[in-house]
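Enquirer: whatever this is, show me its structure:
(chains A and B)
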Amino acid sequence: MSENPGPSGTFVIAQAETPAAHGATPSHGGVEIQVPPGEAHGAGFPPFDAQTFPSQLIWLAIAFGALYLLMSRVALPRIATILEERHDRVADDLEEAGKLKAESEAAQASYEQALASARNKAHGIATETRDTLAAEAETRRKAVEAELSAKLVTAEAQITATKTAAMANVHGIAVDAAGAIVHQLIGSTPAPQAVEAAVDQATKS
Amino acid sequence: MASGSVIDPIHQFQIIKIVDLGAPGGVQLAFTNSAAFMFGIVALVFFFLTFATRGRTLVPGRLQSLAEVSYEFVASMVRSTAGNEGMKFFPLVFSLFIFVLVANFVGMIPYTFTVTSHLVVTAGLALVVILTVIIYGFVRHGTHFLGLFVPSGVPAFLLPFMVVIEVISFLSRPISLSLRLFANMLAGHIAMKVFAGFIVMMSATGVAGILGATLPLAMVVALTALEFLVAFLQAYVFAVLTCIYLNDALHPGH
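Expert: The predicted model follows:
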């Protein structure tokens, strides 16, 4: 409220009138200053002015009724929905997180299982490979050995045959040589049968 | 005051007719500044709450947080005093709380009219509460609701006396509910206006007066802060007492 000091340094006095006539007073633009309250208002203390009660109550009933309807039908359900959605969303998210955690744990477990089984399998394959390779080497070794011993046998047989043949040749040479030696010594050729018999006798003893 | 002229601390409570509706049946009716402020409060509350929640966002902004905080503040108040059953009265308690709160805060703005500084308004609100308690109590519990006035475990010879006391205490509830709010708002606004008037009067007396006027100025600053606290506190007290009385209607047994 703007207070205009009067010329004498005191305040302009615009006495508040009774509430009934008050509709027109606020336009005075000056100050409301009063002579002692009792005189100015007397029975007119506004909160106790019974004349205003009916209209105030009626407007209060209408306004508060409107507020109640707007709150209970529109505003509060709206806020409740928001809070509920948030609550649901948070619960959902927590649930989702729990599910994902369980999933990841299961995935890790299955990974570890797969790793273990792979390791086992690799171990198995290695053992198997080693065994087959060893067996193969063994058979090959045996085959080679057999082959070699067979070759040895044939070689020995060949040696024996060659030896026999050589011995036969030696016999012939001995007979020829004996005949020639006898011819040189006595100047006559002995009968081949006799020479051969003599050589036979000599070589056998 | 010695000069016989003070700034009128009562003028702020004047009811001013905006539209005179005549006097049907000998009762004066008018659309007044009080009514205009009531509708202004309703509109303010409604538009604030709908505007604040327009986004319906999962992560609330500032305004939406404010709307949600006010909702949860009243909801937890109702739940803690009247139980989950009391939540059927939540819209009523919320409406009362927000109406009184906004009326008190609007009244703190200079040049405005404080709706709750009129006894008939606070009495009307208290009447809403007590009628709800009585009607719901009888509809829900029938004559058992009268058990509210018969405390258990009282010797028989004391019982009539106790019943009288209980009835008086029940009847005094709407009176105390309405008077508390009315008196707080009225006294606070008068005190502020009186101290503010001192500033004007003292500073009109010259330099010494202007210096001296800092004292009432400090007082007005402090009073304004106090009045903001009172404005909230009275709305809170009104709502809590409403919850307690409604709890009696829900559970009349002592």
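Enquirer: going forward, measure contacts between C-alpha atoms and count neighbours the same way
Expert: Will do.
Enquirer: give me the distance between the residue sitting furthest away from the middle of chain B and chain A.
Expert: The C-alpha centroid of chain B is most remote from residue B:207, which lies 41.6 Å away (Cα atoms, centre = their mean). Separation of residue B:207 from chain A (Cα to the nearest Cα, to the nearest Å): 13 Å.
Enquirer: confidence score at that residue?
Expert: At residue B:207, the model reports a pLDDT of 86.
Enquirer: go on, residue A:141?
Expert: Per-residue pLDDT puts residue A:141 at 95.
Enquirer: show me chain A divided up by domain.
Expert: According to automatic domain parsing, chain A is divided into the following domains: A:1-40, A:61-170.
Enquirer: hey, least reliable of the ones you listed by pLDDT?
Expert: Mean pLDDT is lowest for domain A:1-40 among those, at a mean of 42.
Enquirer: just the strands in the chain please.
Expert: In the absence of a named chain, chain A is used. Remark: strands assigned in chain A by DSSP state E are A:33-34.
Enquirer: wrong one, I was asking about chain B
Expert: Going by DSSP E, chain B shows strands at B:6-7, B:17-20, B:30-32.
Enquirer: which one of those lies nearest to chain A?
Expert: Each of those has some distance to chain A by Cα to the nearest Cα; the shortest is strand B:6-7, at 4.3 Å.
Enquirer: tell me the most buried of the strands of chain B?
Expert: For these, the largest average neighbour count (mean count of other Cα atoms under 10 Å in any protein chain shown) is found in strand B:6-7, namely a mean of 24.
Enquirer: show me which residues of the stretch 101-250 of chain B sit near chain A.
Expert: Residues of the stretch 101-250 of chain B lying close to chain A (Cα under 8 Å from any Cα of the partner chain) are B:111, B:117-121, B:124, B:200, B:204-205.
Enquirer: how about low-confidence regions in the stretch 1-150 of chain B?
Expert: Low-confidence segments of the stretch 1-150 of chain B (pLDDT under 70): B:1-7.
Enquirer: ranges for the helices of it?
Expert: B:33-52, B:62-82, B:90-107, B:119-141 (DSSP state H, counting those that start in this stretch).
Enquirer: wait, which of those is closest to residue A:199?
Expert: The closest of the helices of the stretch 1-150 of chain B to residue A:199 is helix B:62-82. By Cα to Cα, the value is 139.3 Å.
Enquirer: tilt between that closest one and helix B:90-107?
Expert: 120 degrees (axes from the mean of the first three to the mean of the last three Cα atoms, to 10 degrees).
Enquirer: buried set for helix B:62-82?
Expert: By neighbour count on 16 or more other Cα atoms under 10 Å in any protein chain shown, the buried set for helix B:62-82 is B:64, B:66-68, B:71-72, B:74-75, B:77-78, B:81-82.
Enquirer: could you do stretch B:134-143 as well?
Expert: B:134, B:136-137, B:141.
Enquirer: what's the answer for stretch A:59-79, then?
Expert: Result for stretch A:59-79 [16+ other Cα under 10 Å]: buried residues A:59-61, A:63-64, A:66-68, A:70-72, A:75-76, A:78-79.
Enquirer: repeat for stretch A:197-205
Expert: In stretch A:197-205, counting by 16+ other Cα under 10 Å, buried: residue A:199.
Enquirer: re the thing from before, so which of the buried residues of stretch B:134-143 is the closest to chain A?
Expert: For the buried residues of stretch B:134-143, the nearest to chain A is residue B:136 (17.1 Å; Cα to the nearest Cα).
Enquirer: nearest spatial neighbour of that closest one, skipping sequence neighbours?
Expert: Leaving aside its sequence neighbours, residue B:136 sits nearest to residue B:249 (Cα to Cα, 6 or more residues apart in numbering or on different chains; 6.4 Å).
Enquirer: for that neighbour, list the residues it contacts.
Expert: B:133-134, B:136-137, B:145 (Cα atoms under 8 Å, 6 or more residues apart in numbering or on different chains).
Enquirer: quick one: the longest helix along chain A to helix B:33-52, angle?
Expert: The single longest helix within chain A, with elements called by DSSP state H, is helix A:76-186. Here the directions of helix A:76-186 and helix B:33-52 differ by 10 degrees (the same axes, to 10 degrees).
Enquirer: just checking, what packs against helix A:76-186?
Expert: helix A:192-204, helix B:62-82 (3 or more Cα pairs under 8 Å, 6 or more residues apart in numbering or on different chains; DSSP states H and E).
Enquirer: now it against helix A:192-204, angle please.
Expert: Using the same axes, to 10 degrees: helix A:76-186 against helix A:192-204 is 120 degrees.
Enquirer: what's the nearest residue to the residue nearest the centre of chain B if we skip its chain neighbours?
Expert: Nearest to the mean C-alpha position of chain B, counting by Cα atoms, centre = their mean, stands residue B:100 at 4.1 Å. Closest residue in space to residue B:100, ignoring its immediate chain neighbours: residue B:235 at 5.3 Å, by Cα to Cα, 6+ apart.
Enquirer: residues near residue A:49, how many?
Expert: As a burial measure, residue A:49 scores 18 neighbours (other Cα atoms under 10 Å in any protein chain shown).
Enquirer: residue B:177 too?
Expert: Residues contacting residue B:177 under the criterion other Cα under 10 Å number 23.
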